[in-house]
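J.: just a sequence and a predicted model for now, questions to come.
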Amino acid sequence: MNRDDMERLAARLRGLRRDRENGLFFGVCAGVAARFDLELTVVRLVALLCLVVAFLPTAVIYLMAGLLVPAQSLTFYGKGESCFWRKGSRRGSRRFCS
């Protein structure tokens, strides 16, 4: 692999983020599916197949990706969500919630 190949690979992986909202375990498969516009179920089945065929390398790569790939920021759904979280807090102000 020469330098141009490595730069092209880095450019494709630059937007990769873990998707914690749609993920089951670390969100790596959901992030890969979102980045490369693939079906999430297909990515999970391929990961499961790789896990069955070569357990140790797949597990190590998955765990390293889970630890090294940055997480996508969570989606804020507006006033209703903030009121939901504020209700459990003693310090939160309830007068802003309807």
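T.: Cool, got the structure.

J.: residues contacting residue 66?
T.: By CB atoms under 8 Å, 6 or more residues apart in numbering, residue 66 lies in contact with 18, 25, 26, 27, 28. (C-beta placed from N, C-alpha, C; glycine too.)

J.: please repeat the previous calculation with a cut-off of 7 Å.
T.: Residue 66 makes contact with 18, 26, 28 under the criterion CB atoms under 7 Å, 6 or more residues apart in numbering.

J.: so, low pLDDT: which residues of this structure?
T.: Where the chain drops to pLDDT under 70, the residues are 1, 12-13, 76-82, 84-98.

J.: that one: strands as residue ranges?
T.: Counting by DSSP state E, one finds no strands in the chain.

J.: quick one, helices of it?
T.: Using DSSP state H, the helices of the chain run over 3-13, 28-35, 40-53, 55-68, 79-87.

J.: so of those, which one's packed in deepest?
T.: Burial of the helices of the chain is given as mean neighbour count (mean count of other CB atoms under 10 Å); helix 28-35 ranks first at a mean of 22.
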